[in-house]
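Trainee: 3D model of this:
(one chain, ligands or ions: 1)
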Amino acid sequence: MSSLSQHACDHLAALLKGFGLAASTPLSNWIDGRLVAGEGEEITLINPATGEALVSYRDAGAGLIERATQAAVRGQREWVTLTASERGRRMNAALRGLEGHEEALAQLESVVAGKPIRDCRAEVGKVREMFEYYAGWCDKQHGEVIPVPTSHLNYVHHVPYGVVGQITPWNAPMFTCAWQLAPAIAAGNAAVLKPSELTPFTSVVIAKLLEEGGKGVSQGLPKGLINIVNGLGKTTGAALTDHPTISKLVFVGSPQSGRMIAEAGARRLVPSVLELGGKSANIVFADAKLDEAVAGAQAAIFAAAGQSCVAGSRLLIERSVFEQVTTRLARAAEQIAVGLPSDEATRMGPLQNRRQFEQVTRMIEAAEAAGARVLTGGKRPEGLPDEAHGYFIAPTVLVDVTPEMEIAQQEVFGPVLVAMAFDDEAQAIQLANETRFGLAGAVWSQDVARAHRVAGQLRAGTVWINSYKAISVMSPFGGFGDSGFGRSSGLDGLREYTVPQSVWVETAPEASVAFGYGSGVG
Ligand code: NAD
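Mentor: Below you'll find the model as predicted:
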């Protein structure tokens, strides 16, 4: 083992020990308020920076899903008996558990996910933001009174599903964990969440810290309210989606797996929310402030090494400035500090895993074979330490791309940008909408009317004007088409975790019970 790899293994072992997860096989699940080791096959994590083994843990399997769902039923029963304001107070109190642990959490994420440490620190901040936001919603989920045409008082209130199942990917493990846990419990549910098998630990630590955090200042979150169960999709994930206790599924991941989750839900008539991939169009008109557009385009695709669902992976540029924008972008891409995740100066790290690395490499090669030209990148970056044998690919810009090519249609999920020219507004919109995805997009122009006009015609759940990747837990997020359905964040995200219940109360002095539908109803 290289000294770089040995150092990462030692660092990870110390972090796991600090959080109480260290054992002969790591305690990789949080069930009913306890750390529990998996019972299934061994899963070995590989260090994304070196390509060498990092740590092994055991797949949870169906047995632990059973335990987790039973605990969730008990936890939810206790949680819903509290007043709404008490639930909000306890969610806020739980956040105290994170205090003093933020840096270690960021380090844990950085080592396992291979993400630059500065990005991981920002991600920890999001966990707090999401819990604070949804804690605030607990006592504001008002129902409504409907003026029905009978003597009834009819009110509608929002009741929780009960126990929800959540499945998250490896590219933003802490973000997606808090993103879904916070609204689920704010709405009165208990959750069983399965993170990606490639990034199992931070979700467990977050659940543990939150539960411990509330204990000192109030009675905290009930045991079993949040359960984290780690393992493979085909074993633990499938056991979760098929479990009869789960009454709603929320999935964040690829369209391929999303289809399987929706099918599993459909078999049991359980609804799902799917937050899937994207192939987002970033449209630059010639009248845009080009300095800002180039900086925006660069951040849109190369941040997180392109492993972001909203990555601006298709840059559509008005033909008169195409040459200028692509040349400047290629120069900017070459300036990005690509390096080890632990290095404070690193802006872009490796891809997270071998499968992803091979997929990105194959797609670049296929694009070149189909006629695309690499303007910059397309290979391992220069200047990396010798021992960094991991999954690094330099920021890549491809030109001479046509819309029907695979590279222009399919999500790469890596630091690869395709640039295409357009001649007018109509063609820009047509190109932008010409994929099966519909997650996000952006318009760069100083013509306000045009910017709004184009934004309104993009088939995308999120659109930015003269900006990219501004995302807040306050604003709804989700996709069209292969990018999925349902919404996360904001009130829309909260509503996904409740069912409207209509209650009819007779107010007449004497109830007249109709045989069949009451008066005024068909
Ligand atoms: P993936 O679909 O391979 O895996 C996601 C999760 O699904 C993992 O936890 C995996 O174990 C689980 N899974 C796989 N098969 C399963 C099955 N049959 N039953 C139950 N669970 C199963 O995705 P990934 O490679 O981890 O993540 C990358 C993808 O996620 C990209 O497409 C990216 O765009 C997308 N993503 C979307 C969003 C969004 O909000 N729209 C956010 C982040 C990532």
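Trainee: least trustworthy helix or strand in this structure by mean pLDDT?
Mentor: Ranked by mean pLDDT, DSSP states H and E, the weakest helix or strand in the chain is helix 201-217, scoring a mean of 91.
Trainee: close to the ligand, is that one?
Mentor: No - legend: contact between helix 201-217 and the ligand by Cβ under 6 Å from any ligand atom is lacking; minimum distance shown is 10.2 Å. Any C-beta I mention is one placed from the backbone N, CA and C, and that applies to glycine too.
Trainee: in contact with the spatially most central residue of the chain, which residues?
Mentor: Centroid check for the chain by Cα atoms, centre = their mean gives residue 176 as the closest residue, at 4.0 Å. Contact analysis of residue 176 by Cβ atoms under 8 Å, 6 or more residues apart in numbering lists 168, 169, 252.
Trainee: pLDDT wise, what is it at?
Mentor: On the pLDDT scale, residue 176 is placed at 98.
Trainee: am I right that it is in a strand?
Mentor: No - counting by DSSP: H, G, I helix; E, B strand; the rest coil, one finds residue 176 to be helix, located in no strand.
Trainee: hey, C-alpha coordinates of stretch 451-471 in PDB?
Mentor: Listed next in PDB are the C-alpha coordinates belonging to stretch 451-471 (Å, rounded to 0.1, in the frame of the first residue of the first chain):
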ATOM      1  CA  ALA A 451     -33.900  36.200 -20.800                       C
ATOM      2  CA  HIS A 452     -37.400  35.700 -19.300                       C
ATOM      3  CA  ARG A 453     -38.800  34.700 -22.600                       C
ATOM      4  CA  VAL A 454     -36.300  31.900 -23.100                       C
ATOM      5  CA  ALA A 455     -36.300  30.800 -19.400                       C
ATOM      6  CA  GLY A 456     -40.100  30.300 -19.700                       C
ATOM      7  CA  GLN A 457     -39.700  28.000 -22.600                       C
ATOM      8  CA  LEU A 458     -37.000  25.700 -21.100                       C
ATOM      9  CA  ARG A 459     -38.300  22.300 -20.100                       C
ATOM     10  CA  ALA A 460     -36.400  22.300 -16.800                       C
ATOM     11  CA  GLY A 461     -37.300  22.300 -13.200                       C
ATOM     12  CA  THR A 462     -34.800  25.000 -12.300                       C
ATOM     13  CA  VAL A 463     -33.700  27.900 -14.500                       C
ATOM     14  CA  TRP A 464     -31.100  30.500 -13.700                       C
ATOM     15  CA  ILE A 465     -30.700  33.900 -15.500                       C
ATOM     16  CA  ASN A 466     -27.200  35.300 -15.500                       C
ATOM     17  CA  SER A 467     -26.300  32.800 -12.700                       C
ATOM     18  CA  TYR A 468     -25.800  29.100 -12.100                       C
ATOM     19  CA  LYS A 469     -26.300  26.700  -9.300                       C
ATOM     20  CA  ALA A 470     -27.900  29.100  -6.900                       C
ATOM     21  CA  ILE A 471     -29.900  26.500  -4.900                       C
END
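Trainee: hmm, who's touching the next helix or strand after the least confident helix or strand of the chain?
Mentor: Counting by DSSP states H and E, the next helix or strand C-terminal to helix 201-217 is strand 226-228. By Cβ under 8 Å, 6+ apart, the surrounding residues in contact with strand 226-228 are 29-32, 68-69, 71-72, 75, 177, 181, 185, 190-195, 203-204, 207, 210-211.
Trainee: return the members of those residues classed as buried.
Mentor: When neighbours are counted using 16 or more other Cβ atoms under 10 Å, the contacts of strand 226-228 contain these buried positions: 29-32, 68-69, 71-72, 75, 177, 181, 185, 190-195, 203-204, 207, 210-211.
Trainee: in strands, which of these fall?
Mentor: Counting by DSSP state E, the part of those found in strands is 29, 30, 31, 190, 191, 192, 193, 194.
Trainee: OK, contacts around the third one?
Mentor: Contact partners of residue 31, counting by Cβ under 8 Å, 6+ apart, are 64, 67, 68, 71, 224, 227, 228, 229.
Trainee: name the element residue 251 belongs to?
Mentor: Assigned by DSSP H and E, residue 251 belongs to strand 246-252.
Trainee: and that strand, anywhere near the ligand?
Mentor: Yes - contact between strand 246-252 and the ligand, assessed by Cβ under 6 Å from any ligand atom, occurs at residue 252.
Trainee: just to revisit the earlier point, so which of the contacts of residue 31 is the closest to residue 475?
Mentor: Proximity of these to residue 475 (Cβ to Cβ) peaks at residue 228, which lies at 26.6 Å.
Trainee: ok, for the closest one, nearest residue in space, not its chain neighbours?
Mentor: residue 30 (4.4 Å; Cβ to Cβ, 6 or more residues apart in numbering).
Trainee: Three-state assignment for the residue lying closest to residue 16 once chain neighbours are set aside, please.
Mentor: Excluding its sequence neighbours, the residue lying closest to residue 16 (Cβ to Cβ, 6+ apart) is residue 22, at 4.5 Å. Following three-state DSSP, the label given to residue 22 is coil.
Trainee: in this structure residue 22 contacts residue 12, no?
Mentor: No - taking contacts as Cβ atoms under 8 Å, residue 22 lies outside contact range of residue 12: 9.6 Å.
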